[in-house]
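Chemist: quick one, what's the 3D model for this:
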Amino acid sequence: MSKIFEPLTLRGVTLRNRYALSPMCQYTAKDGYVSDYHTIHYGRFALGGFGLLMVEATAVSPEGRISHGDLGLWDDAHIPGLARITAFARAYGATPGIQIGHAGPKASIQRAFEGNGPLNEVDAARGEHVWPVVSPSARPVTDGWLVPTALDANGIAKVRADFVASARRALQAGFDVLELHYAHGFLLNAFLSPLTNDRSDEYGGSFENRIRLPLQIAREVREVWPQDKPLFVRLSAVDGSGSGWSIADSVAFAEALKVVGVDVIDCSSGGFGVYEYPNGYGFQVPFAAQIRREANICTMAVGIIVDPWQAESVIASGQADLVALGHAALRDPHFPLHAQQTLGAVSPDAAYANWNVQAGWWLGQRASKLVQLGPWAPMEDAAANGHKD
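Modeler: Sure, this is the predicted structure:
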């Protein structure tokens, strides 16, 4: 009777269950290209039973990368590597998705595990140099970070065109789900937030003006993204500071996104200002629930979801339509398959029926043997074999 293992149909795409791999930057690309690492990294989650496999934030332009290690979709040459990932995912039952974005004021920084701050002389010594960054306003993220150039009309037109071109390439690479990155302090989040957007033109000031560019991009991408494939938006439901973008803003924006053809809001939070909201287990689930309820749109919940029962309750209680796992997935790439067993969503005699056959056959044989042997008693076994401490 598990709800999280019920299929979900979005437009013409059916996910085998409600578990999604959250997009997590791996910072392991070179010049935007997929490496063997990416193929294996994403492949393990397809084997692990995830319904939706979302590839990490992928830059729509070289200057839109967070770091030198970001994946890219600004060149047709990036398509074949990504196509390997989509083909493998589909072959093992997962639906391939990809998140595209522009880092804006948070571009041109170190990989997270190499400092996660501005590039310095150590980075330059290994050939990783700074590039100019852009934002809605000429305001750095914080002291010591690069001062961005405020985008002019030509710059805004280029960003719009880059998103559309990357969406076309994502389609060629075989993705069934596309997600636009409007969260975490990156470019389009910076347009939305009153903490960072102090423009006086049609892209700044009022709520309607601040959502204008992100809404234009969603509309233009929807025009080129097939009507039978769903479009997601990852949104920071609130800024860190309570004086910034609010959950009420997110509800209103989600309603506008729904009108232009967005199907799911992927509900994250933070990006600007010190985080002032609760941040314990499942801390972002209430945002997903409120947006789902008040904007009448599907949502994806994420944020310290660590247990199969916890994930099940999010879906069963109607708080969200999908649960995305990040850190929990890295810890256990087979989280959904293990969750089936934990929740009793498969019978004991078919516990490994949904695993890929190359592993499931062996594990089924092992399970049968363990039933015959009974519980493992290490001290008794050691004594029986003449071993002493």
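
Chemist: got the contact list for residue 277?
Modeler: Applying C-beta atoms under 8 Å, 6 or more residues apart in numbering, we find residue 277 in contact with 238, 240, 242, 269, 283. Where you see a C-beta, it was placed from the backbone N, CA and C, and this is true even at glycine.

Chemist: how many neighbouring residues does the last one have?
Modeler: Right, the one you point to is residue 283. Residue 283: 16 surrounding residues under other C-beta atoms under 10 Å.

Chemist: that one against residue 304, yeah?
Modeler: Yes - counting by C-beta atoms under 8 Å, residue 283 touches residue 304, with 6.1 Å between them.

Chemist: those strands in the stretch 151-300 of the chain, which residues are they?
Modeler: Remark: strands assigned in the stretch 151-300 of the chain by DSSP state E, counting those that start in this stretch are 177-182, 231-236, 264-268, 298-301.

Chemist: now those strands as JSON lines including distance to residue 216, mean neighbour count and mean pLDDT?
Modeler: Shown next, in JSON lines, are the strands of the stretch 151-300 of the chain (distance: least, C-beta to C-beta, whole Å; neighbours: other C-beta atoms under 10 Å; pLDDT from 0 to 100):
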{"stretch": "strand 177-182", "distance to residue 216": "11", "mean neighbour count": "27", "mean pLDDT": "98"}
{"stretch": "strand 231-236", "distance to residue 216": "13", "mean neighbour count": "27", "mean pLDDT": "98"}
{"stretch": "strand 264-268", "distance to residue 216": "18", "mean neighbour count": "29", "mean pLDDT": "98"}
{"stretch": "strand 298-301", "distance to residue 216": "22", "mean neighbour count": "25", "mean pLDDT": "98"}
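
Chemist: for the ones you listed, which one sits closest to residue 38?
Modeler: With C-beta to C-beta as the criterion, residue 38 lies closest to strand 177-182 of these, at 17.0 Å.

Chemist: buried residues in stretch 43-59?
Modeler: 43, 45-59 (16 or more other C-beta atoms under 10 Å).

Chemist: please read the previous query as pertaining to stretch 335-342.
Modeler: 335, 336, 337, 339, 340, 341.

Chemist: count the residues that sit near residue 40.
Modeler: 11.

Chemist: that one in helix, strand or coil?
Modeler: With DSSP: H, G, I helix; E, B strand; the rest coil as the basis, residue 40 sits in helix.

Chemist: for it, give its distance to residue 17.
Modeler: Per C-beta to C-beta, to the nearest Å, residue 40 is found 22 Å from residue 17.

Chemist: swap in residue 345?
Modeler: 9 Å.

Chemist: could you do residue 51 as well?
Modeler: Residue 51 is 4 Å from residue 17, where distance means C-beta to C-beta.

Chemist: now for these two: what residues contact both?
Modeler: Listed as contacting both residue 51 and residue 17 by C-beta under 8 Å, 6+ apart are 7, 8, 336.

Chemist: show me these that map onto helices.
Modeler: Of these, the ones assigned to helices by DSSP state H are residue 336.
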